[in-house]
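[1] model the structure of this input:
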Amino acid sequence: MNLTEKTEDFGLFGGRPLFPEARTTGQLANRDPNAFFAMMSGAFDRRRLSNQGPLVAELETQLKVLHGTKHAIAVANACFALILSMRALAKPGAHRVVMPSFTFRGLPHLVRWAGLEPKYCDVDPVHHTLAPEALARAMGPDVALVLAVDTASALCDIDALEAITRSAGVSLLLDSVYGIGGSYGEDPVGSRGDAAVFSLHATKLLNGFEGGYLTTNDDNLAATMLRQRNFGIGESALIEDWGLNAKLNEIHAAQALANLPHINCVMSDNRARFEAYQDAFRDISWVNFADYSRSPGNYSLVLLQVGPTSPYSRDDLIRLLRAENALVRSYYSPPLHWVDQQTPRVTNLPATDKISREFIQMPVGDHTSIEDIWRLGDFFRRLDRQRMSITTRMMNVLS
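    Modelled structure (predicted):
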């Protein structure tokens, strides 16, 4: 490998990038294009591209089997699934949704679109999911709903969360966008809580280009979702509920169906990449990886933890890596309670405050090879060897 030891060869200082093309943090798995085109040929022959076509119906049938649930309801994207389900599940007379601050920055917008307000809660410092003891403290008469998030490295402590919400008389909604393919013991992700929401975005494990779906065993919730995704129109063809246009079309359903048979293979490839990262970075003492041991999932994200002995800050490492066409990003940083100007400032989330400064999402998915990962390991060893000259140069570049 032709890696020199000159500081000038780093991309940030004008050198040729490590990768000629971008290495991204999304899955972008597209394992069977021919199956997609064959299904779309049939859709064009039928001249039915939307309004609960047969491909959407088949996708919902297969998703029910995957998650072991009575219902799987496909929608235009996961945002609509979350908005509609929050409105449907919210406890009447209450208005706050308890949710982690350490999560996707778009979630508070969805809470407010549902007519509710976030109430931020701390997470487990190792697994990054809602901490049961913090959730118990956050419960009160103002709480309408709990929105828990399954993370890429661990699933929620589902037994504890269900016990707390059941005792409080509120629903538990799971954002399981990163949980697909995992299980809570013997129970597939999607089969616990009152409902769970998943994404079919191209960057997620099951690529439908775009789209989402909700799983539930609640017949009443399923009936409500079916009406509300279609302008509130019921079986009578009359408006029976408020609603909007949240229907999934046949194009996205075809892509998801084409990729669904390969989901185990995608997860296996993800795990191989994760293990390669562990091997390639094993001798770099100042970094670690998120702990997957509690509930090994789909390994769709690789989360690099920058330790306290690192010669570089987390953000400096991101600058260095992005200059090499490794399009890494900080992981859930800054946390929501630092930046949400519409919610009273929360100051007692110590685990969130700490871990939000530590993690980097590394390149993953079908556009990142095992060889790429070893090149990244070698890149970090160069950073370690040249720490003095690089940090001095960075101070000059960024000052």
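
[2] use CA for all of it now, contacts and neighbours both
    OK.

[3] so which residues of the stretch 101-250 of the chain form strands?
    117-121, 143-149, 171-175, 183-184, 187-188, 195-199, 212-216 (DSSP state E, counting those that start in this stretch).

[4] dump the residue contacts of D378.
    A280 (Cα atoms under 8 Å, 6 or more residues apart in numbering).

[5] wait, is it part of a strand?
    No: counting by DSSP: H, G, I helix; E, B strand; the rest coil, D378 falls outside a strand, being helix.

[6] pLDDT score for it?
    We note a pLDDT of 97 for D378 in this prediction.

[7] picking that back up, return the most buried member of the strands of the stretch 101-250 of the chain.
    strand 195-199 (a mean of 29; mean count of other Cα atoms under 10 Å).

[8] what packs against that one?
    Helices and strands touching strand 195-199, by 3 or more Cα pairs under 8 Å, 6 or more residues apart in numbering; DSSP states H and E, are helix 78-89, strand 171-175, strand 212-216.

[9] tell me how this structure divides into domains.
    The domain map for the chain lists 7-26+263-398, 33-261, with the assignment taken from automatic domain parsing.

[10] point out the most buried one among those.
    Highest mean neighbour count among the domains of the chain (mean count of other Cα under 10 Å): domain 33-261, with a mean of 20.

[11] what is the end-to-end distance of that domain?
    13 Å (Cα to Cα, to the nearest Å).

[12] now stretch 242-250
    24 Å.

[13] neighbouring contacts of that stretch?
    By Cα under 8 Å, 6+ apart, stretch 242-250 touches 40, 43, 48-56, 74-77, 80, 211-212, 227-233.

[14] ok, and the closest non-adjacent residue to H252?
    In space, H252 comes closest to G208 once its chain neighbours are excluded; the distance is 4.9 Å by Cα to Cα, 6 or more residues apart in numbering.

[15] state the distance from the one you found to A76.
    10 Å.

[16] what's the answer for N245, then?
    Relative to A76, and taking Cα to Cα, N245 is found at 8 Å.

[17] ranges for the helices of the stretch 51-200 of the chain?
    Secondary structure of the stretch 51-200 of the chain by DSSP state H, counting those that start in this stretch: the helices cover 54-67, 78-89, 107-113, 132-138, 158-168.

[18] dump those helices into CSV; add distance to S268 and mean pLDDT as well.
    Below are the helices of the stretch 51-200 of the chain laid out as CSV (distance: least, Cα to Cα, whole Å; pLDDT from 0 to 100):
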stretch, distance to S268, mean pLDDT
helix 54-67, 17, 99
helix 78-89, 25, 98
helix 107-113, 29, 97
helix 132-138, 31, 98
helix 158-168, 25, 98
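
[19] could those helices go into TSV alongside distance to G365?
    Shown next, in TSV, are the helices of the stretch 51-200 of the chain (distance: least, Cα to Cα, whole Å):
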stretch	distance to G365
helix 54-67	22
helix 78-89	20
helix 107-113	24
helix 132-138	32
helix 158-168	28
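
[20] can you check which of the ones you listed gets nearest to I251?
    helix 54-67 (8.5 Å; Cα to Cα).

[21] which strands and helices lie in contact with the closest one?
    For helix 54-67, the packing partners by 3+ Cα pairs under 8 Å, 6+ apart are strand 71-75, helix 250-259.

[22] one more pass at 10 Å, please.
    For helix 54-67, the packing partners by 3 or more Cα pairs under 10 Å, 6 or more residues apart in numbering; DSSP states H and E come out as helix 33-46, strand 71-75, strand 187-188, strand 212-216, helix 250-259.

[23] compute the inter-axis angle for that helix and helix 33-46.
    140 degrees (axes from the mean of the first three to the mean of the last three Cα atoms, to 10 degrees).

[24] show me the contacts for the residue nearest to H252.
    Contact analysis of G208 by Cα atoms under 10 Å, 6 or more residues apart in numbering lists 28-30, 77, 199-202, 251-260.

[25] swap in 6 Å and give it another go.
    Listed by Cα atoms under 6 Å, 6 or more residues apart in numbering, the contact partners of G208 are L200, H201, H252, Q255, A256.

[26] can you redo the helices and strands packed on strand 195-199 as TSV with distance to T151?
    Putting the helices and strands packed on strand 195-199 into TSV (distance: least, Cα to Cα, whole Å) gives the following:
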stretch	distance to T151
helix 78-89	15
strand 171-175	9
strand 212-216	17
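
[27] quick one: which of the ones you listed is nearest S101?
    strand 171-175 (13.5 Å).

[28] chain center to the closest one, what's the gap?
    15 Å (Cα atoms, centre = their mean, to the nearest Å).

[29] likewise stretch 335-351?
    Using Cα atoms, centre = their mean, the offset of stretch 335-351 from its chain centre is 20 Å.

[30] same deal with stretch 197-204?
    8 Å.

[31] how about stretch 12-26?
    24 Å.

[32] which residues sit against it?
    Outside stretch 12-26, the residues touching it (Cα under 6 Å, 6+ apart) are 8-9, 11, 203, 320, 323-327, 363-365.
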